[in-house]
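Student: prediction below, plus the sequence it came from.
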Amino acid sequence: MKKISVLMAVTALASVMATSAWSKTLVYCSEGSPEGFDPGIYTAGTTFDASSRTVYSRLVEFKHGKTEIEPGLAASWTVSDDGKEYTFKLRPGVKFQTTDYFTPTRDLNADDVIFSFERQLKADSPWAKYVSGGSYEYAAGMGFPDLVKSITKVDDLTVKFTLNKPEAPFMADLAMDFASIMSKEYADKLAADGKMTQLNQQPLGTGPFTFVAYQPDAVIRYKANETYFKGKEKIDDLVFAITPDASVRAQKLKAGECNVMPYPNAADIKDLKADKSLKVLEEPGLNVSYLAYNALVAPFDKAEVRKALNMAINKQAIVDAVFQGSAQVATNPIPPTMWSYNKDIKDDKYDPDEAKKMLEKAGVKDLSMKIWAMPVSRPYMLNARRAAELMQADLAKIGVKVEIVSYDWAQYLKLSSAKDRDGAAILGWTGDNGDPDNFLDTLLGCDAVGGNNRAQWCNKEFDELTKKAKRTADIGERTKLYEQAQVVFKKEAPWATLDHSTEFVPMSTKVSGYVQDPVGVHRFDGVDIAE
């Protein structure tokens, strides 16, 4: 079966490359397969690259390379004095994509906006659980069902969001991937035909590229959206050549089989930089990698046990081995480049002898545990298996026996969210909107337990601080609250914070217009390639 799969992948890619003879094609060697094509259901950057940033658009968008917002499908908006009402004026004449599987009969209107959000907010929506095992994890984890009181159609091109309370990051949240706008007309047709799951398999939006076909674990094909409201893209065809192995991605890039690749191995960066046919973009990542304990399962329900394990892990050795100088040890759950980072917090010291004493004092003996290692490279963790092996050796020194486990990426993300998950999971995060809330509340808030909060840690003091910060417009006051929240986090240690990495994007010198994104997605709108 494996030989057949490889042959199919090679054949598919060869067909794609042949297309470039008569059209301008850009090939992106992506690191993995998307979980699906509905960005509301998932949280992985791999999925967002393949769905929300290609096929879809949002009411507001992040400017290229920044976390500032600009108009998207909404041409303008107003906010009430009390910060609870947001009224958006939609662009007239925005077309949904025409595909082999659906031809729209009308332009974008307020109904599409309402559908795109209400399906994620209302438990009684027929779309609430249309994908088996899927849920609107992002919307739930950020508290949107409780935050949004109503979404009202004022007229075809005007929609009003009414909130139950002020929410400082709300506008930035609307530029995030889960807030992508879908076609209600398309969804209604699928529902009528009994084919609702097709929404997650054959996407249709208003974005820069139109979905063409997906061969699982091999190739995703897109074409430029001829009716894109910002104008047709410079490239005619966009191809995702799915290539999980970072070394193979680098080989393909050097051989000209792909034009852009993400997440190179640290050991390959020097060689890629030396290749005159390539260029390597780099910038400090707005990210963190961590080992999430399960605070609902003994003995990880005790802060002193989590602290002891943290003190047994040599994080600098992990950074040196996995990143070879292209990352720094993480102290806090947000990166030092983000506002409100608490620089006064001291990291847990590496002290195996003291860690062993702490475990004994906590009454923990002969501990056996699992460490989950991600199967894919991410910017914040290039080689989770290697990191897990180093932690396994470190913990063995204090008498803790570690078994390393892994699953395919989609299963890993799903299973690691379970409240009864055994062991500790290596995961990480790249900020979605440049706001500390997107790390602290999204990943560690009580609302996110069973979802993005992989530590299953609900601390009332921490949660009250982050929730208060969300309701506060004053940046100075928000900073103080987030600084206090980081103190609570460090004391309670739901994670072992591992690293903040530098992000690299190698590409052919023929590629122009590509901009590194601080929120970690890979965008190809505005990109060109020389023939």
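Tutor: Received the coordinates, thanks.

Student: C-alpha only now, for contacts and for neighbours.
Tutor: OK.

Student: got the contact list for Leu59?
Tutor: 71-74, 90, 174-175, 179-181 (Cα atoms under 8 Å, 6 or more residues apart in numbering).

Student: which strand is the longest one in the protein?
Tutor: In the chain, taking DSSP state E as the definition, the longest strand is strand 495-508.

Student: list the contacts of the next helix or strand after that one.
Tutor: Next along the chain after strand 495-508, taking DSSP states H and E as the criterion, comes strand 511-512. Contact with strand 511-512 is made by 259, 527-530, as judged by Cα under 8 Å, 6+ apart.

Student: between these, which has the most around it?
Tutor: Within the contacts of strand 511-512, Asn259 tops the neighbour count with 22 neighbours, counted by other Cα atoms under 10 Å.

Student: ok, now how distant is that residue from Gly45?
Tutor: Distance from Asn259 to Gly45, counting by Cα to Cα, to the nearest Å: 19 Å.

Student: for the residue nearest to Val329 when sequence neighbours are not counted, give me its contacts.
Tutor: Of all residues not flanking Val329 in the chain, Asp499 sits nearest, at 4.4 Å (Cα to Cα, 6 or more residues apart in numbering). Counting by Cα under 8 Å, 6+ apart, Asp499 touches 288-290, 315, 319, 327-331, 380.

Student: out of those residues, the closest to Asn225 would be?
Tutor: Distance to Asn225, by Cα to Cα, is smallest for Tyr380 among the contacts of Asp499, at 32.2 Å.

Student: give the contact list for that closest one.
Tutor: By Cα under 8 Å, 6+ apart, Tyr380 lies in contact with 285, 287-289, 428-430, 499-501, 503.

Student: most distant residue from the middle of the chain?
Tutor: Residue farthest from the centre of the chain, counting by Cα atoms, centre = their mean, is Lys361 at 38.8 Å.

Student: ok, the nearest residue to Ser377 once chain neighbours are set aside - how many residues close by?
Tutor: Excluding its sequence neighbours, the residue lying closest to Ser377 (Cα to Cα, 6+ apart) is Asn383, at 5.9 Å. If you count neighbours by other Cα under 10 Å, Asn383 ends up with 22.

Student: and the closest residue to Phe62 other than its chain neighbours, how close does it get to Lys232?
Tutor: Of all residues not flanking Phe62 in the chain, Ile69 sits nearest, at 4.5 Å (Cα to Cα, 6+ apart). From Ile69 over to Lys232 the distance is 22 Å, taken as Cα to Cα.

Student: repeat for Val288
Tutor: 36 Å.

Student: try Ile114
Tutor: 27 Å.

Student: between the two, which is the more surrounded one?
Tutor: Taking other Cα under 10 Å, Ile114 and Lys232 do not tie; Ile114 has more neighbours (20 against 16).

Student: what packs against the one helix or strand that one maps to?
Tutor: For Ile114, the element it lies in under DSSP H and E is helix 110-121. Helices and strands touching helix 110-121, by 3 or more Cα pairs under 8 Å, 6 or more residues apart in numbering; DSSP states H and E, are helix 137-141, helix 144-147, strand 148-155, strand 158-163, helix 184-192.

Student: of those, which is nearest Pro299?
Tutor: Comparing the helices and strands packed on helix 110-121 under Cα to Cα, the one sitting nearest is helix 137-141, at 25.4 Å.

Student: about what we covered before: next one, pLDDT for the residue farthest from the centre of the chain please.
Tutor: Predicted confidence (pLDDT) for Lys361: 96.

Student: okay, it and Lys302: tell me how far apart.
Tutor: For Lys361, the distance to Lys302 - Cα to Cα - is 12 Å.

Student: tell me where the stretch 201-350 of the chain has strands.
Tutor: Shown for the stretch 201-350 of the chain, the strands assigned by DSSP state E, counting those that start in this stretch span residues 209-215, 219-224, 237-241, 278-284, 287-292, 327-329.

Student: point out the most buried one among the ones you listed.
Tutor: Sort these by mean neighbour count, taking mean count of other Cα atoms under 10 Å, and strand 287-292 sits at the top with a mean of 26.

Student: now do that strand against strand 495-508, angle only.
Tutor: Orientation note: strand 287-292 sits at an angle of 140 degrees relative to strand 495-508 (axes from the mean of the first three to the mean of the last three Cα atoms, to 10 degrees).

Student: name the strands paired with strand 287-292 and say parallel or antiparallel.
Tutor: strand 424-430 (antiparallel), strand 495-508 (antiparallel) (DSSP bridges).

Student: which one of the ones you listed lies nearest to Leu253?
Tutor: Across the strands paired with strand 287-292, Leu253 has its closest neighbour in strand 495-508 (7.1 Å, Cα to Cα).

Student: and the closest one, how far out from the chain's middle?
Tutor: Strand 495-508 sits 13 Å away from the centroid of its parent chain (Cα atoms, centre = their mean, to the nearest Å).

Student: before we move on, what about stretch 502-510?
Tutor: 20 Å.

Student: quick one: contacts of stretch 94-104?
Tutor: Residues from elsewhere that reach stretch 94-104, judged by Cα under 8 Å, 6+ apart: 73, 106-108, 183, 185-186, 204-206, 210-212, 225, 227-229.
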